[in-house]
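[1] when you get a sec, could you give me coordinates for this:
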Amino acid sequence: MAIALLGFQTTIAAPLSLTGIGVHSGKSVTITFQPAEAGTGIVFVRQLDDGTTSEYRAVSAHVGNTDLCTVLGTSPAHSIATIEHVMAALYALGLDNVVIEVDGAEMPIMDGSSEVFIDSIEQVGMTNLGVKRRYIRVTKPVRIESGSSWAEFRPYDGTRFEVEIDFDSKLIGRQTWAGDLSAQSFKDELSRARTFGFMRDVERLWAAGFALGSSLENSVVISDDDTVINVEGLRYEKDEFVRHKTLDAVGDLALAGAQFIGCYRSYRGGHKLNANALKALLSDPTAYEVVEAPSRDMRVRAREFVPVQIAEFAPWSA
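    Numbering: from 1, shown residues only. Predicted coordinates:
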C-alpha cells in the first residue's frame, strides 16, 4: 500500500540551536532553526565576519560546488557548505518552511549522519500551517549519465529511492538500498548512517584544506587493509555505506524546493550526479507537473493529488 503524503505545509513549533564542528573547516559552528511562514521555504542565513548577513534559498538554482559536499553559493566568502544532512532531515520529516541561522560557512557535521537533527526537531515538534503543500510529480523518465555512473527519475505512486554504489573495496563492494521514503523509514533505515572515507585519502584532503574536522567521532574510516577503524564498527551491518549515500541523495534532492512524487534511481552517484539529475528534471517542463491535495484531508494518497497552475515564481528555480 502506498504511503500517504502530507497535504499541508509545515514549520517547526519552536526555535532550536545546535553547536558542532564543520567537517571540512574544523571550526566550531552554531546553527539555529527558526519557525517560518508558509511559502518561505528552507532559507539559510549566514552571519558574516563583518557583522552583515548573507541569505541562501535552498533551491537547485543556488547550488555551487558539489565535489565533496553540497554548497549553496559560488564564493567561499559567501556560501554555506555541507547542507545535505540537514536538508535530508528536513525533507524526511516533511518540513517545508524553516530559517536556519548559522555563524559560520558550514553546517556542523555532528556525528556524520542526520540523527541529531532528526532527534532535535522531534523534541520541539512541528506545526501545520494550514496552507496546501505543492509537490513535483514526475510524469516521464529523465536520465543522465556520466562515465559509468547514471541517475534517473521515473514516475511512481509515492516517493522512492533506489541507490546502488560500487567501490573498489572488498569491505564495501557493490551495495543497494531501495525503499519508499517516509519519516519513519528514514529514521529507521537511513538517518544514523554516517559519512565515510579512506585513510589513504586523508593527507591529500588535508593538503587541499578539506576534512580538517573529520574524526572517528563523525566519520566511518576505512583503513589501508580494508577494515573499519572505528572501535564501535558499523551502525548498519555491512551496508551503512549505501545507506549514507541514500541519505545524501535525499538531502540533495530536497533542493528541488518542493517534495517530489516519483522514484529516484542512481548508480555510483554522488552530490554532483544528484544535483545534475535534479537540474535535468526541472529543466524539462514536460517531465513533471506541480500538484496539490484535492481536499482538506491532512494526508492524501499520491495518485489523488491534482495538477495546479504553476505560479510565475517557481521556488525550485529562483
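[2] for the protein, identify the residue most remote from the centre.
    Most distant from the centre of the chain: residue 225, at 31.2 Å, with distances by C-alpha atoms, centre = their mean.
[3] SS state for that residue?
    With DSSP: H, G, I helix; E, B strand; the rest coil as the basis, residue 225 sits in coil.
[4] and residue 46, by the same measure?
    When classified by three-state DSSP, residue 46 comes out as strand.
[5] keeping just the C-alphas, turn whichever strand or helix holds residue 100 into PDB.
    According to DSSP states H and E, residue 100 maps onto strand 98-102. The C-alpha coordinates for strand 98-102 follow below in PDB (Å, rounded to 0.1, in the frame of the first residue of the first chain):
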ATOM      1  CA  VAL A  98      12.500  26.900   8.200                       C
ATOM      2  CA  VAL A  99      15.000  29.700   8.500                       C
ATOM      3  CA  ILE A 100      18.400  28.300   9.500                       C
ATOM      4  CA  GLU A 101      20.800  30.900  11.100                       C
ATOM      5  CA  VAL A 102      24.500  29.900  11.000                       C
END
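[6] contacts for it, please.
    For strand 98-102, contacts defined as C-beta atoms under 8 Å, 6 or more residues apart in numbering pick out 11-12, 29-36, 40, 42-47, 80, 86, 90. Quick note: C-beta positions are derived from backbone N, CA and C, even for glycine.
[7] burial count for the spatially closest residue to residue 25 that is not a sequence neighbour?
    Nearest residue to residue 25, sequence neighbours excluded (C-beta to C-beta, 6 or more residues apart in numbering): residue 106, at 5.2 Å. Close neighbours of residue 106, defined as other C-beta atoms under 10 Å, add up to 25.
[8] list the contacts of residue 106.
    With contact taken as C-beta under 8 Å, 6+ apart, residue 106 is in contact with 22, 23, 24, 25, 27, 29, 80, 81, 82.
[9] quick revisit: can you list the strands that the strand holding residue 100 pairs with?
    Taking DSSP bridges as the criterion, strand 98-102 pairs within the sheet with strand 28-35 (antiparallel), strand 42-47 (parallel).
[10] among the contacts of residue 106, name the ones in strands.
    Secondary structure from DSSP state E places 29, 80 of those in strands.
[11] ok now the strand holding residue 100, how far from the chain's centre?
    15 Å (C-alpha atoms, centre = their mean, to the nearest Å).
[12] after that strand, which helix or strand is next?
    That would be, after strand 98-102 and using DSSP H and E, helix 115-124.
[13] hmm, back to that, so can I have a markdown table of the strands paired with strand 98-102 showing distance to residue 146, mean neighbour count and mean pLDDT?
    Listed next are those as a markdown table, based on distance: least, C-beta to C-beta, whole Å; neighbours: other C-beta atoms under 10 Å; pLDDT from 0 to 100:
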| stretch | distance to residue 146 | mean neighbour count | mean pLDDT |
| --- | --- | --- | --- |
| strand 28-35 | 32 | 18 | 97 |
| strand 42-47 | 27 | 20 | 96 |
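[14] mind putting these in CSV, distance to residue 251 included?
    Output for these, formatted as CSV (distance: least, C-beta to C-beta, whole Å):
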stretch, distance to residue 251
strand 28-35, 15
strand 42-47, 11
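[15] wait, which of the ones you listed is closest to residue 294?
    strand 42-47 (25.8 Å; C-beta to C-beta).
[16] who are the packing partners of the helix or strand following the closest one?
    On the C-terminal side of strand 42-47, the closest following helix or strand by DSSP H and E is strand 53-57. If you count contacts as 3 or more C-beta pairs under 8 Å, 6 or more residues apart in numbering; DSSP states H and E, strand 53-57 packs onto strand 42-47, strand 72-75, strand 78-80.
[17] chain center to strand 53-57, what's the gap?
    Put simply, strand 53-57 sits 18 Å off its chain's centre (C-alpha atoms, centre = their mean).
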